[in-house]
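Asker: okay, structure incoming, though there's no sequence with it:
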């Protein structure tokens, strides 16, 4: 199995959804100008794959190009999905398949599995968040980010879900450790 793609949403310089980067089986090389997001891509991969690393983020890890109306409507969240695809020469019932079996999104050959890291404000906090944002009279975006940082960031949660994200199936730490001992 190999990493076939990553989709990064609202993380650092990756704005909005559908920032999809595809990879080929085998070696891949990441090339780009300074400040183009190479390190941010690697950090995003680490958030999903590194079992021992901290999953907590700071307010500076959010993409700040959201509008004030978007900040008022709902709390910002970061989502990073890594898709794994069956290798061309992989055995039919390989150890890789067994390891990712709970994360499968496509059963046909080649199989696909995914892991999604989400940094989010729990639903029970959303009403308080919207009230706090509605009370801001400023039209300066940084003022909204300061409220998020001081009043809500400590309430944010980081989770890694396996498979279809709509099922909210938390990826178990044993499978993660077995697969990605980074």
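Answerer: Everything's here; your move. Small disclaimer: the values here were computed from a predicted structure and weren't measured.
Asker: contacting residues for residue 11?
Answerer: Counting by CB atoms under 8 Å, 6 or more residues apart in numbering, residue 11 makes contact with 40, 44, 61-63, 78, 80. (Glycine included, C-beta is placed from N, CA and C.)
Asker: spatially central, which residue of this protein would that be?
Answerer: Central residue of the chain (CA atoms, centre = their mean): residue 80, 2.0 Å from the mean position.
Asker: can you tell me how far that one sits from residue 90?
Answerer: Using CB to CB, to the nearest Å, residue 80 is found at 25 Å from residue 90.
Asker: what do you get for residue 72?
Answerer: Residue 72 is 48 Å from residue 90, by CB to CB.
Asker: the residue nearest to the centre of the chain against residue 158, yeah?
Answerer: No: the pair residue 80 / residue 158 is not scored as a contact, 10.6 Å apart, by CB atoms under 8 Å.
Asker: which residues are common contacts for those two?
Answerer: Overlap of the contact sets of residue 80 and residue 158 (by CB under 8 Å, 6+ apart) consists of 47, 117-118.
Asker: residue ranges with poor pLDDT in this protein?
Answerer: 175, 178-182 (pLDDT under 70).
Asker: noted, bye for now.
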